[in-house]
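> Only the shape, not the letters, is given here:
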Ligand code: BG6
């Protein structure tokens, strides 16, 4: 018997508005934190958008989405994950009325998806806080953000309730601990930010997220609303019990976010951490009640696993998906130093499912690599990306293993199904797509789209519901 994926498994791809739409100042859009981040998390941020910022044009999805959705449909996508750019709907973030042109764009985009039977999966906030909310309110440190986000969420749930069934409240919500500006719009430089303010910002996001679950269920009956966390299975570097505890404590920092979303209250281990670090979370009356509006499913990104040790000598820096750790001597890494561990995906799926018994949705996974556009024997321009096919194939086999373990999985959307600008390094040369986009980091390129070898491979995977893996 081959690999088994359930009937109705939601195969597809994922992107985020700020990494591909471009049109950063069209149709009333305000500036977001990404529009002043030409170097990704390496910084520095700029006062105003600058030409070297690849995201200002992205891959011009804003104007070419019809062509792109058609290509996704050709691959057989059942679902397409994208985000709504908050600053298209509320250009500054604190207005009372939304921008109709921004709303219309997403109406058209979702209609285009439905034309091909593709279900949109929408992230309400994906690393693109309106810049004004960051500069004038200091992002999520300020309680006012809960009110602004709630207004924004009400507008999008009401507007798209008949077009969008699957929603995510915050992309990789736990990444705020490492990237407070990109993830939480917090303008205070990271090294000056107190733990008190950081965890207060986290609390505000939790309240906003639970509020979105509540109002989403009220306004859009039938909507399924999930949290989205950056998953990173953490192995002890050695069997030394000190390392095991170091790994457990590191994992707690990440589980904390899913725990609150799924259980509806703060876990004891975080209360201890707050006590020991003199952090006191200010809760407003009603916050504890709001948190009880828990999510319908858990979604997560998975790129890498990591190791932890209690030995400070071995704690050397390692590349990774925003959150670090210690290199695993048994694993190879991508060109960007991200360690590749397909079995880690099966492991983390089991961990989440054992902990929560809620459906899971893998909404990001993929390989960022340098691609070479060539002309093949049939005279077609393409990329022979066998390395990407191998990466994705190996990971999907492990998804099937987890399903065989009894884990309930709603779907899989590979990251950057069409080449786009990377989040951490703001580059175009770090490509994830099944579709090559002719645009380069010096701004050159025709923006033409070309099917890579992996395009045909994924089409077959979807058509056979995973049997071809
Ligand atoms: C996740 C983000 O961190 O990983 C995406 O949710 C991001 O926005 C993806 O693009 C891959 O990271 P990067 O830095 O290679 O683009």
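That came through, no problem. What you see is a predicted model; the values in this text were computed from it and never measured.
> What is the neighbour count of residue 157?
Residue 157 has 22 neighbours, counted by other C-beta atoms under 10 Å. For glycine as for every other residue, the C-beta is placed from the backbone atoms N, C-alpha and C.
> Spell out which helix or strand contains it, please.
helix 144-160 (DSSP states H and E).
> For the chain, which residues are neighbours of the ligand?
Counting by C-beta under 6 Å from any ligand atom, the chain comes close to the ligand at 16, 19, 127, 171-172, 301, 321-322, 364, 368, 415, 422-425, 430.
> please redo it, this time with the cut-off set to 5 Å
Of all the residues in the chain, those in contact range of the ligand (C-beta under 5 Å from any ligand atom) are 16, 172, 368, 422-424.
> tell me the two of these that are most distant?
172 and 368 (15.5 Å; C-beta to C-beta).
> So which of the residues of the chain next to the ligand belong to strands?
Secondary structure from DSSP state E places none of the residues of the chain next to the ligand in strands.
> Now pLDDT, neighbour count and distance to residue 398 too, for those, in CSV please.
Shown next, in CSV, are the residues of the chain next to the ligand (pLDDT from 0 to 100; neighbours: other C-beta atoms under 10 Å; distance: C-beta to C-beta, whole Å):
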residue, pLDDT, neighbour count, distance to residue 398
16, 98, 26, 25
172, 98, 28, 21
368, 97, 22, 19
422, 98, 20, 24
423, 97, 28, 24
424, 95, 19, 24
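> Out of these, which is nearest to residue 441?
Residue 441 has its nearest neighbour among the residues of the chain next to the ligand in residue 422, at 10.2 Å by C-beta to C-beta.
> All the strands of the stretch 351-469 of the chain, residue numbers only.
Assigned by DSSP state E, counting those that start in this stretch, the stretch 351-469 of the chain shows strands spanning 360-364, 374-375, 381-382, 409-415, 435-437, 449-451.
> how far is the helix-or-strand element of the chain with minimal mean pLDDT from where the chain is centred?
Counting by mean pLDDT, DSSP states H and E, the weakest-scoring helix or strand in the chain turns out to be strand 306-308, with a mean of 92. Remark: strand 306-308 is offset 21 Å from the chain centroid, using C-alpha atoms, centre = their mean, to the nearest Å.
> what packs against that strand?
Secondary-structure packing of strand 306-308 (3 or more C-beta pairs under 8 Å, 6 or more residues apart in numbering; DSSP states H and E): strand 234-236, helix 241-263.
> what about residue 29, distance to residue 128?
Relative to residue 128, residue 29 is positioned 10 Å away (criterion: C-beta to C-beta, to the nearest Å).
> tell me which residues of the helix holding residue 157 are tucked away?
Neighbour-count burial for helix 144-160 flags 144-146, 148-157, 159-160 (criterion: 16 or more other C-beta atoms under 10 Å).
> try stretch 356-366
Residues 356, 358-366 are the ones in stretch 356-366 that count as buried (16+ other C-beta under 10 Å).
> tell me the contacts of residue 283?
Residues near residue 283 by C-beta atoms under 8 Å, 6 or more residues apart in numbering: residue 203.
> Can you tell me how far it is from residue 329?
Taking C-beta to C-beta, one finds residue 283 at 44 Å from residue 329.
> cool, and residue 33?
The gap separating residue 33 from residue 329 is 37 Å, by C-beta to C-beta.
> and if you look at residue 239?
Relative to residue 329, and taking C-beta to C-beta, residue 239 is found at 14 Å.
> wait, residue 38 sits on residue 47?
No - using C-beta atoms under 8 Å, residue 38 is not in contact with residue 47; the gap is 11.7 Å.
> okay, the two: which has more neighbours?
The neighbour count for residue 38 versus residue 47, taken as other C-beta under 10 Å, is higher for residue 38 (20 against 7).
> you'd agree the more buried one is in a strand?
No - according to DSSP: H, G, I helix; E, B strand; the rest coil, residue 38 belongs to no strand; its state is coil.
> so what pLDDT did it get?
On pLDDT, residue 38 comes in at 97.
> what are the phi and psi values for it?
phi -70, psi -10 (degrees, to the nearest 10).
> and what of residue 161?
Here residue 161 shows phi and psi, under degrees, to the nearest 10, equal to phi -60, psi -30.
> go on, residue 430?
Dihedral angles (degrees, to the nearest 10) for residue 430: phi -90, psi 100.
> what residues are up against it?
By C-beta under 8 Å, 6+ apart, the contact list for residue 430 reads 336, 368-370, 422.
> circling back to that earlier point, which one of residue 33 and residue 329 has more residues nearby?
Counted by other C-beta under 10 Å, residue 33 and residue 329 do not tie: residue 33 has more neighbours, with 26 against 7.
> on that earlier part again, between residue 29 and residue 128, which contacts overlap?
What both residue 29 and residue 128 touch, as defined by C-beta under 8 Å, 6+ apart, is the set 85, 87.
> Neighbour count: those two, which is higher?
Using other C-beta under 10 Å, the more surrounded residue of residue 29 and residue 128 is residue 128, with 28 against 24.
> Surely the more buried one and residue 17 touch.
Yes - contact criterion C-beta under 8 Å: residue 128 and residue 17 qualify, at 6.2 Å.
> who touches both of those two?
Any residue near both residue 128 and residue 17 by C-beta under 8 Å, 6+ apart counts here, and that gives 83, 85.
> Now do the contacts for the residue nearest the centre of the chain.
By C-alpha atoms, centre = their mean, the chain has its centre lying nearest to residue 171, at 4.4 Å. Neighbouring residues of residue 171 by C-beta under 8 Å, 6+ apart: 16, 83, 123, 125-127, 183, 228.
> Which member of these is positioned nearest the ligand?
Checking the contacts of residue 171 against the ligand with C-beta to the nearest ligand atom, the nearest one is residue 16 at 5.0 Å.
> Give me the pLDDT for residue 1.
As predicted, residue 1 sits at a pLDDT of 57.
> next one: the one 10 residues further on
Here the pLDDT value assigned to residue 11 is 98.
> Am I right that it sits in a strand?
Yes - under three-state DSSP, residue 11 falls within a strand.
> That one and the ligand, how far apart?
Going from residue 11 to the ligand by C-beta to the nearest ligand atom, to the nearest Å gives 19 Å.
> And for residue 233?
Separation of residue 233 from the ligand (C-beta to the nearest ligand atom) stands at 16 Å.
> all numbers from here: first residue = 28
Yep, numbering from 28; the last one is residue 260 now.
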